[in-house]
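Enquirer: Give me coordinates for this.
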Amino acid sequence: MDPHLLTTFVTVARHGSFSAAAAELGYTQSAISQQIAALESDLGLPLLRRRPVEPTPAGRRLLEHAGPLLLRLRAARADVLRAAAPARHLLRLAATPLALSAEVAGRLARARAAEPRLEVRLRTCRPGQAAALVAEGHADLGLTDGIVAPSDPLRLPPDTGPMTATGVAEQDLVVALPADHPLTGRTGVRLADLVDARWLDTPLCPLARLRDLAGEGFPAGLAYDGDDVHTVLNLVAAGHGLIVLPARALTPPVMPISVVPVPVTAPRLVHRVELLHATLPPGPAADVAAALTG
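Expert: The predicted model follows:
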């Protein structure tokens, strides 16, 4: 199966349009149609309905495989190029918003002090994107975070190729409650006591992950497709929903006066930060990785 044709198929399916896919990929619409026809001929099955443009059952099954296959190919290419590349004094770091805590930032500062010529370019990303950015060679190191049981590793996307994940930090969790919530006076709270409360559904704490760890329930009060902590806490203060965050995220001056953090006592969960990288040749990137995990 030609990866070039597979990329075209994924792009058409994502847009639901041959013309939009042509514009993105830089081909004519006729060329896009020919590439889809070639892929369908190779498999002997129709993959797209034309009016409207949408995947057939066979096309939907192919899409399930296409993402991991293309990611693994990009990861293989990046890994080969990394192995042949000389050590650089440029470090590209991809980090999720809650991963770069004051402690981790301090370790990075000490590593930079030991490498005066090192230039660091920091890119923020969603938790699921850090591994892909490292795998595809767009970042040398990745810092990602998530909620897990103590000492459990984070779930990484499959098919990213050889990837080292090392724990950097773990911190207790708190529930952010509006100041007038009846549970604000407690010294701790069980998530089971809040299973019927309204929650914020955001990449900072996806409700699907919370339900995996704490059971069913936790209805969404508001979905926020962003990762700004100030915005999330303002939504909590206004009564749109609750959220679980690492304790350090709810300290002044970040925390509004109308939001109260209450420690999560059950189930026993922590906020974990991990450093991700592929094979690192000796050089500044490897030195920074050692400093961040040391």
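Enquirer: residue ranges for the strands of the stretch 1-150 of the chain, please.
Expert: For the stretch 1-150 of the chain, the strands defined by DSSP state E, counting those that start in this stretch cover 48-50, 53-55, 90-95, 119-124, 141-148.
Enquirer: Which elements pack onto the lowest-mean-pLDDT helix or strand in the chain?
Expert: Lowest on mean pLDDT, DSSP states H and E among the helices and strands of the chain sits helix 57-84, with a mean of 81. If you count contacts as 3 or more Cβ pairs under 8 Å, 6 or more residues apart in numbering; DSSP states H and E, helix 57-84 packs onto helix 3-15, helix 130-135. Yep, even glycine has a C-beta here, placed from its N, CA and C like the rest.
Enquirer: out of the ones you listed, nearest to His65?
Expert: helix 3-15 (8.9 Å; Cβ to Cβ).
Enquirer: And the helix or strand where Val262 lies, what's buried?
Expert: Using DSSP states H and E, Val262 sits within strand 259-266. Using 16 or more other Cβ atoms under 10 Å as the test for burial, strand 259-266 gives 259-262, 264-265.
Enquirer: Return whichever strand in the chain runs longest as PDB; C-alpha atoms alone will do.
Expert: The longest strand of the chain (DSSP state E) is strand 164-178. The C-alpha trace of strand 164-178 is given here as PDB (Å, rounded to 0.1, in the frame of the first residue of the first chain):
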ATOM      1  CA  THR A 164      11.800   6.400  26.200                       C
ATOM      2  CA  ALA A 165       9.400   7.700  28.800                       C
ATOM      3  CA  THR A 166      10.800   8.600  32.200                       C
ATOM      4  CA  GLY A 167       9.000   9.900  35.200                       C
ATOM      5  CA  VAL A 168       9.900  13.500  36.100                       C
ATOM      6  CA  ALA A 169       7.500  14.500  38.900                       C
ATOM      7  CA  GLU A 170       4.300  13.300  40.700                       C
ATOM      8  CA  GLN A 171       2.000  15.500  42.700                       C
ATOM      9  CA  ASP A 172      -1.200  15.100  44.600                       C
ATOM     10  CA  LEU A 173      -4.500  16.200  43.100                       C
ATOM     11  CA  VAL A 174      -7.200  18.600  44.200                       C
ATOM     12  CA  VAL A 175     -10.700  19.400  43.100                       C
ATOM     13  CA  ALA A 176     -11.300  23.000  42.200                       C
ATOM     14  CA  LEU A 177     -14.700  24.000  43.800                       C
ATOM     15  CA  PRO A 178     -16.500  27.300  43.700                       C
END
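Enquirer: Averaged pLDDT, it. What do you get?
Expert: For strand 164-178, mean pLDDT rounds to 95.
Enquirer: Could you list every helix and strand in contact with whichever helix or strand comes after that strand?
Expert: Sequence-wise, the next helix or strand downstream of strand 164-178 (DSSP H and E) is strand 189-190. Using 3+ Cβ pairs under 8 Å, 6+ apart, the elements in contact with strand 189-190 are strand 259-266.
Enquirer: Next, the angle from the strand it packs on to strand 164-178.
Expert: Following axes from the mean of the first three to the mean of the last three Cα atoms, to 10 degrees, one obtains 120 degrees for the angle between strand 259-266 and strand 164-178.
Enquirer: could you give the mean pLDDT of strand 259-266?
Expert: For strand 259-266, the mean confidence score works out to 95.
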